[in-house]
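Engineer: Okay, structure incoming, though there's no sequence with it:
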């Protein structure tokens, strides 16, 4: 089914629908045309521009292929320094330009990390060219958001055309926000979740004895527990791994030197037994070369710590945490103008934001942010606690993503209960759980839902310790996730890993921002483990048939209670999260066509509402549509729940089932839970 186009799925119903005067050929043609446009995996726009004579506006053929043998060359010559500086400037210009394209088209991205590490990458490339037999010639990077480096080097090594770079992070461009092996020409590894690459690189080193293996690191990655384990193994086995840490004192939330006092990359690595070299790579290419050469000539693991400001030399961005993101065209243009890149500047000036052409969605109202509402409502609930008792009763801890999860609202309002921690999801969840072990106390933590997978053991121990723990996992599902597959929050049901007689664990995934507020207020004072899931994108209000908000005035959230959004005689769709409004649109359109399908909002994911189950199970068909993993999500257990109760309607399930398409709104179409796909699926079941 998922490989079929909407046209193939709908053609079987054409004569039937037209004969009943409920669906015209023109209506069908327009709907299918829009859906096929959104779902198609056509060549990215840059391919079309190439045919029209478009050229990447920065001449990458000027890149000089250098060969430097660090085993023989003790010091760089003046010519080598000049050539390296030429390549550094050229590559930084290119990275700034095409990551700013991501900002200009609305797909976002990350400029700073890739921009920072260009000098060491240029030297690595020269080493690989000179003596590839002595190195594993791969630019392993544990900070996958620095993927611009990988794409640029792919172009420079002839694996793809430079023109493709302007479609950085665009849907179906095969240039996602993190490197994915097999998706992009020239990419040799997948990376994205911090702290995961160094352990893998250790294995690469074991498999390539006698060869040096580089791993580009970062001060953020070094906060993760995996890196501590990797360091100990590398030292114990004397692995020839060289960690090149971009220590720019910037993470998403701010500057570790200010919010995470006592943390030192150098002392951390030394404590694990690594030899370290500290250098300012922006002050001297010769000094950087000497540091890398020393690391190469030293047996065993070495950490080269490159102390620099974020986005060095970029006015208005240098040293700023915003440099972590894609630099906006307004900031990139003056720099590129000064560098003489007129064509690049004109290209940036002409960019427009990408939008989904589908809509308006039927049955839906104004849009709002679920994750921002979650943060605001948690702040509201904390504010209701008497000031004298607040710090004793609540602890909130974040993992460098408080701005994205909206928990900085708590920090701004009640800093006494807030801990701005580092990138340590496992430890921070356990700290919150530890605080909540005592009756009357509550620990609260937040991060992206993708990282829930890293915390399964900690969740189990929190349950065994009967902790009062509220976890807000934003960026659930795949919608609006240009960071792509490694950042999909689709295995949220893993949190429900307790036993039948275990401590209560509740999973909630509200359908709109109004329900998020009601849900949060209801579950905030409750004991036990509570998981609140929100998505990255904004969603519209779910409306009643009379056009008023379903979760507006008078609504009270009841944990475990499913909501009948629309009644139907032909069967029911069960949905939640951002799948809900898409399914509501599908249901309204199906009803217009004479197909009386109902819709259930199952906000509480892991509890059976017996009343709703009876309504659903006695209907002719059931279709679960969800933004979670098809293998592990609600649909993987919903059929069992039906059978256990003696119900046997026709049953089907749509969920996230393949690696991402890149982009933002494109994912829903790519995964097949857009309204047209849902309608086609319902019709195939009748």
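Structural biologist: Received it, and whenever you're ready, just let me know what you need. Computed from a predicted structure; not experimentally measured.

Engineer: quick one: contacts for residue 86?
Structural biologist: Residue 86 sits next to 62, 64 when contact means CB atoms under 8 Å, 6 or more residues apart in numbering. Where you see a C-beta, it was placed from the backbone N, CA and C, and this is true even at glycine.

Engineer: now stretch 529-538: mean pLDDT?
Structural biologist: Predicted confidence along stretch 529-538 averages 98 (mean pLDDT).

Engineer: What's the end-to-end length of that stretch?
Structural biologist: This stretch, stretch 529-538, spans 26 Å end to end (CA to CA, to the nearest Å).

Engineer: Next: stretch 660-673.
Structural biologist: Taking CA to CA, the first and last residues of stretch 660-673 lie 13 Å apart.

Engineer: repeat for stretch 427-443
Structural biologist: Counting by CA to CA, the terminal residues of stretch 427-443 are separated by 13 Å.

Engineer: residues in contact with it?
Structural biologist: 225, 392-399, 419, 421, 444-445, 447, 455, 458-459, 461-462, 465-471, 527.

Engineer: Which of these are buried? Put it as a PyMOL command.
Structural biologist: The following PyMOL command selects only the buried members of the contacts of stretch 427-443, with burial defined by 16 or more other CB atoms under 10 Å:
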select buried, resi 393+394+395+396+397+398+399+419+421+444+445+447+455+458+459+462+466+467+468+469+470+471
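
Engineer: just checking, which of the contacts of stretch 427-443 belong to strands?
Structural biologist: Applying DSSP state E to the contacts of stretch 427-443, the entries found in strands are 394-399, 419, 421, 444-445, 447, 469-471.

Engineer: nearest to residue 136, of those?
Structural biologist: Proximity of the ones in strands among the contacts of stretch 427-443 to residue 136 was ranked by CB to CB; the top entry is residue 399 with 31.2 Å.

Engineer: Provide a list of residues in contact with that closest one.
Structural biologist: Applying CB under 8 Å, 6+ apart, we find residue 399 in contact with 421-425, 428, 445-447, 451.

Engineer: List just the nearest of those to residue 364.
Structural biologist: When these are compared for distance to residue 364 (CB to CB), residue 446 wins out at 26.9 Å.

Engineer: that older thread, ok, so of the contacts of residue 399, who is nearest residue 365?
Structural biologist: residue 446 (26.9 Å).

Engineer: Isn't the closest one up against residue 475?
Structural biologist: No - if you go by CB atoms under 8 Å, residue 446 and residue 475 don't touch, sitting 10.4 Å apart.

Engineer: who has more neighbours, these two?
Structural biologist: More neighbours surround residue 446 than the other of residue 446 and residue 475, with 31 against 26 (other CB atoms under 10 Å).

Engineer: how far away is the more buried one from residue 411?
Structural biologist: 11 Å (CB to CB, to the nearest Å).

Engineer: Between the two, which contacts overlap?
Structural biologist: Residues touching both residue 446 and residue 411 comprise 396, 398, 402, with contact defined as CB under 8 Å, 6+ apart.

Engineer: would you turn those into CSV with pLDDT and distance to residue 377?
Structural biologist: Supplementary listing: those in CSV, determined by pLDDT from 0 to 100; distance: CB to CB, whole Å:
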residue, pLDDT, distance to residue 377
396, 98, 13
398, 95, 16
402, 93, 15
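
Engineer: Format these as TSV; extra columns: distance to residue 153.
Structural biologist: Output for those, formatted as TSV (distance: CB to CB, whole Å):
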residue	distance to residue 153
396	41
398	34
402	33
